[in-house]
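Chemist: next comes the sequence, and after it the predicted model I'd like to discuss.
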Amino acid sequence: MDELAIQTLGLTKFYGKQRGIEGIDLAVTQGEVFGFLGPNGAGKSTTIRLLLDLIRPTAGAASVLGLNPRVQALEVRRRVGYVPGDLEMYYHMTGRQLCRYFASLRGRDLDMMASLIADRLDLDLDRQIGGYSTGNRQKVGLTQAMMHEPEVLILDEPTSGLDPLVRQEFYALVDEVRSSGRTVFLSSHLLPEVERVADRVAIVRDGKVVVTEDVAVLKRRAVRRVEIRFGHQVDPRPFEMLDAVHQVNSADDQATLIMVVEGSIDEVIKQAATHQVHNIVSHDGDLEDVFLDYYRMEDSGRQTDRSTSGGTADAGDESNPAETADSTKSEPC
């Protein structure tokens, strides 16, 4: 088994009676891009803050590069790059001054690397941060996180405020980090983003991980829409009886069938071949389909889960006064 960059075992955080996360088990190998996927409030930012010892767990354990964040917090932060979801900066500084400040804390001269990354992100480092747009402040956060070439890059909603062209350059940077054998832990609610860059993904719901799997495997589980146009009317019932078919709709007086199919469409093609087929169009499913499947729950079931747990909270994704007594302000590491 490859050496783990990040591992959590039963990691749990409660804010009083409110649950942040509960029983989170993760194993992120070195050299992979790992997507941590869920909506706002699911527990993503809480998990990251526990990894960096910005808050302390209620139960469970975590390690980063084999180090205990509670005992070896400085060493963890030395080897990690971090962009928080609620990025705060010293607005009186220029971007360059901020990068130099963080470089000095690391005892290194990182001017050249900061300039190279900033150029790729189309960022002018010599402007005052207070005059930056939201997107440019995010670029400063990414620059300071990447400039020391960390072994683990922890990114919480990293592309917030970035325009599409800059996002493409960011994805290229992530690919280069992976190619160099380093690790990226990417928390996001943007499904296309995770699908684009991640090797594996964990989907978190109500503070718990509901699935961890290769992106390619999850996509194969996604349903697809198959539209078949025949040369004559076709009885939809034989298609409805196929195991892979979940739904069949007719159009054009039953000369066209539109089906929702999960997995292989082999059975569908064989059944269609017994008729005169004019055209077949398959709309492949994506990670969004899988994600939504895990979030399609009955309201009653969701309410039952919350009532037994005392509610949920994610201090990073939603305002949570309970955290203020248990954390430091989230600034880049």
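Modeler: All right, it came through fine. Because the structure is predicted, anything quoted here is derived from the model rather than measured.
Chemist: contacts and neighbour counts: CA atoms only from here.
Modeler: Will do.
Chemist: domains of this structure?
Modeler: Listed by automatic domain parsing, the domain ranges of the chain are 1-79+150-220+287-321, 91-141, 223-283.
Chemist: save these as JSON lines, and put in mean pLDDT too.
Modeler: Supplementary listing: those in JSON lines, determined by pLDDT from 0 to 100:
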{"stretch": "domain 1-79+150-220+287-321", "mean pLDDT": "84"}
{"stretch": "domain 91-141", "mean pLDDT": "96"}
{"stretch": "domain 223-283", "mean pLDDT": "89"}
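Chemist: quickly note the distance from the closest residue to residue 21 other than its chain neighbours to residue 214.
Modeler: Spatial nearest neighbour of residue 21, excluding adjacent residues (Cα to Cα, 6 or more residues apart in numbering): residue 207 at 3.9 Å. Residue 207 sits 21 Å away from residue 214, taking Cα to Cα, to the nearest Å as the criterion.
Chemist: now residue 122
Modeler: Distance of residue 122 to residue 214, given as Cα to Cα: 32 Å.
Chemist: now residue 225, what's its secondary structure?
Modeler: Reducing the assignment to helix, strand or coil with DSSP: H, G, I helix; E, B strand; the rest coil, the entry for residue 225 is strand.
Chemist: do I have it right that it meets residue 263?
Modeler: No - using Cα atoms under 8 Å, residue 225 and residue 263 do not qualify as a contacting pair, with a distance of 11.0 Å.
Chemist: which of the two has more neighbours?
Modeler: Neighbours per residue, other Cα atoms under 10 Å: of residue 225 and residue 263, the larger number sits with residue 225, 18 against 15.
Chemist: what helix or strand does residue 63 sit in?
Modeler: Taking DSSP states H and E as the definition, residue 63 sits inside strand 59-64.
Chemist: hmm, back to that, my guess is the residue nearest to residue 21 meets residue 40, correct?
Modeler: No - contact status for residue 207 versus residue 40: not in contact, 10.9 Å apart, counting by Cα under 8 Å.
Chemist: where does the residue of the chain positioned farthest from its centre fall, phi/psi-wise?
Modeler: Among the C-alpha atoms of the chain, the one farthest from their average position, using Cα atoms, centre = their mean, is that of residue 232, at 46.1 Å. Summarising the backbone geometry of residue 232 under the convention degrees, to the nearest 10, its torsions are phi -160, psi 180.
Chemist: the spatially closest residue to it that is not a sequence neighbour and residue 23: what is the separation?
Modeler: Of all residues not flanking residue 232 in the chain, residue 255 sits nearest, at 5.2 Å (Cα to Cα, 6+ apart). Counting by Cα to Cα, the separation of residue 255 from residue 23 is 52 Å.
Chemist: quick check: closest non-adjacent residue to residue 166.
Modeler: In space, and not counting its chain neighbours, residue 166 is closest to residue 121: 5.8 Å by Cα to Cα, 6+ apart.
Chemist: ok, now which ones touch the one you found?
Modeler: The neighbourhood of residue 121, defined by Cα atoms under 8 Å, 6 or more residues apart in numbering, consists of 139, 166, 169, 170.
Chemist: export those residues as CSV, with columns for distance to residue 49, secondary structure and neighbour count.
Modeler: Listed next are these as CSV, based on distance: Cα to Cα, whole Å; DSSP: H, G, I helix; E, B strand; the rest coil; neighbours: other Cα atoms under 10 Å:
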residue, distance to residue 49, secondary structure, neighbour count
139, 21, helix, 30
166, 26, helix, 18
169, 27, helix, 15
170, 23, helix, 21
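Chemist: now distance to residue 244 too, for the residues you listed, in a markdown table please.
Modeler: Putting the contacts of residue 121 into a markdown table (distance: Cα to Cα, whole Å) gives the following:
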| residue | distance to residue 244 |
| --- | --- |
| 139 | 45 |
| 166 | 40 |
| 169 | 39 |
| 170 | 38 |
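Chemist: for residue 152, state which of those residues is nearest.
Modeler: Ranked by distance to residue 152 (Cα to Cα), the contacts of residue 121 are led by residue 170 at 15.9 Å.
Chemist: distance check, the closest residue to that closest one other than its chain neighbours against residue 172.
Modeler: The shortest distance from residue 170 to any non-neighbouring residue, by Cα to Cα, 6+ apart, is to residue 121 (7.3 Å). As judged by Cα to Cα, residue 121 and residue 172 stand 11 Å apart.
Chemist: go on, residue 98?
Modeler: If you measure residue 98 against residue 172 using Cα to Cα, the figure is 24 Å.
Chemist: please identify which of the two sits among more neighbours.
Modeler: A direct count of neighbours by other Cα under 10 Å for residue 98 and residue 172 places residue 98 higher, at 21 against 14.
Chemist: so in terms of bridging, what pairs with residue 256?
Modeler: When bridges are taken as DSSP bridges, the partners of residue 256 come out as residue 229, residue 251.
Chemist: how many neighbours does it have?
Modeler: 23.
Chemist: got the contact list for it?
Modeler: Applying Cα under 8 Å, 6+ apart, we find residue 256 in contact with 227, 228, 229, 230, 233, 234, 250.
Chemist: kindly report the same for residue 242.
Modeler: When the contact criterion is Cα under 8 Å, 6+ apart, the partners of residue 242 are 267, 268.
Chemist: which SSE is it in?
Modeler: Assessed by DSSP H and E, residue 242 sits outside every helix and strand.
Chemist: how near is it to residue 279?
Modeler: In this structure, residue 242 lies at 20 Å from residue 279, with Cα to Cα as the measure.
Chemist: many thanks, have a good one.
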